[in-house]
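[1] Let's see this in three dimensions:
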Amino acid sequence: MNRDEKLHIVVAETSPVISAGLSFCLRRLPGIQAQTLEVHSYPDLLDCIKSTPADIAVVNPTFGGTFSPQHLREAAGNDLKVVAIEITPLDRQARSLYDETISIVEDVPSMVSKIRSLAYSPDENPSDKEPLSQREKEIIVLVVKGMTNKEIAERLFLSVHTVMTHRRNIARKLEIHSATGLTIYAIVNHLVDLTEINL
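    Model (predicted):
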């Protein structure tokens, strides 16, 4: 998809508060031109994606009772990306059915990164060009576990300055600038398990 084109996103959620909130956020993501449409029932969702070409469907996994992402993709008849709204954490098997997940506590940089990765090819997505190093992944895990820069430095035998430099590089590469955003990133990318996090 071309970056100058509008991204068409359908938000399927029975709660009008969550639906309106997600639509509001998606339309205001920096660097992404998104047009959203909210639907509140499974038949409306099917009608919508059959009649209006959508690029992304953001759907509550419990939407319509026996919701199937694959059935939705087949009904769309195009390259529809299906994103789960994570109100409570999904297990790995459920998560694997979706192209991506967005938590209701997702921060803006993380949402931007996820929507870009779904909407644009890798050569159009600068955040895909510079992968995290193994050391940066280790630091993310320790940050998510609640350790301070000093504790991380002691654990990894680094200086506090080096840890801070790694954290700046992580924030730049991922476009994530909060511990909450890093936590979501670490869970979604299987760097940590929920049981390892003090919530």
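[2] give me the element I85 is part of.
    Secondary structure assignment for I85, by DSSP states H and E: strand 81-86.
[3] I meant I115, not that one.
    helix 108-119.
[4] which secondary structure elements does that helix contact?
    The contact analysis (3 or more C-beta pairs under 8 Å, 6 or more residues apart in numbering; DSSP states H and E) places helix 108-119 against helix 16-27, strand 56-59, strand 81-86, strand 100-103, helix 160-174, helix 179-188. C-betas here are computed from N, CA, C, even on glycine.
[5] Wait, I102 touches G21, no?
    No. If you go by C-beta atoms under 8 Å, I102 and G21 don't touch, sitting 11.3 Å apart.
[6] Compare neighbour counts for those two and give me the winner.
    Using other C-beta atoms under 10 Å, the more surrounded residue of I102 and G21 is I102, with 21 against 14.
[7] picking up where we left off before, tell me the helix or strand right after the strand holding I85.
    Using DSSP H and E, the next helix or strand after strand 81-86 towards the C-terminus is helix 92-95.
[8] how is the protein carved up into domains?
    Under the assignment automatic domain parsing, the domains of the chain span 7-127, 130-196.
[9] what's the distance between T88 and I104?
    Distance, T88 to I104, by C-beta to C-beta, to the nearest Å: 9 Å.
[10] Counting neighbours, go ahead and name the busier of these two.
    It is I104, of T88 and I104, that has more neighbours when counted by other C-beta under 10 Å, with 15 against 8.
[11] and the residue nearest to the more buried one when sequence neighbours are not counted, what does it touch?
    Spatial nearest neighbour of I104, excluding adjacent residues (C-beta to C-beta, 6 or more residues apart in numbering): I87 at 5.6 Å. Listed by C-beta atoms under 8 Å, 6 or more residues apart in numbering, the contact set of I87 reads 18, 60, 104.
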